[in-house]
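> got a structure for you, letters missing:
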């Protein structure tokens, strides 16, 4: 699995980018992969691991998984096991798609 940090992600646009740790070109991140991984909180600089897919010469991230910064602190990229709210509600509230 490749590793990097979220460069930016905009749910209203439906995509974002990851800056790979290896210094390679940025990797495209689609909203569908974020939802599959159940990551309602993706902020810049959040460490993440991913499978790199190359289709038509374009690099994209698949099979996302947050990387905990340390074991004691909650990661900004929380998984559903860490949240008590329904994933869809949490995701939509976080990205301003639904009123709190």
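That came through fine. The shown structure was predicted, so the numbers you read here are calculated from the model rather than taken from an experiment. Numbering: from 1, shown residues only.
> going forward, measure contacts between C-alpha atoms and count neighbours the same way
Will do.
> pLDDT (mean, whole number) over whichever strand or helix holds residue 28?
Under DSSP states H and E, the secondary-structure element containing residue 28 is strand 27-30. Mean pLDDT, computed over strand 27-30, is 96.
> tell me what whichever strand or helix holds residue 65 is packed against?
Residue 65 belongs to strand 58-66 when assigned by DSSP H and E. When contacts are defined as 3 or more CA pairs under 8 Å, 6 or more residues apart in numbering; DSSP states H and E, strand 58-66 sits against strand 27-30, helix 31-36, strand 47-55.
> before we move on, back to that, for the strand holding residue 28, packing partners?
Contact partners of strand 27-30 among helices and strands, from 3+ CA pairs under 8 Å, 6+ apart: strand 15-20, strand 58-66.
> So which of the ones you listed is the most surrounded?
strand 15-20 (a mean of 21; mean count of other CA atoms under 10 Å).
> Return the helix or strand in this structure with minimum mean pLDDT.
helix 87-94 (a mean of 62; mean pLDDT, DSSP states H and E).
> before we move on, the earlier item: redo the helices and strands packed on strand 58-66 as CSV? Include mean neighbour count and distance to residue 12.
Rendered in CSV, the data for the helices and strands packed on strand 58-66 read as follows (neighbours: other CA atoms under 10 Å; distance: least, CA to CA, whole Å):
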stretch, mean neighbour count, distance to residue 12
strand 27-30, 21, 11
helix 31-36, 16, 9
strand 47-55, 17, 21
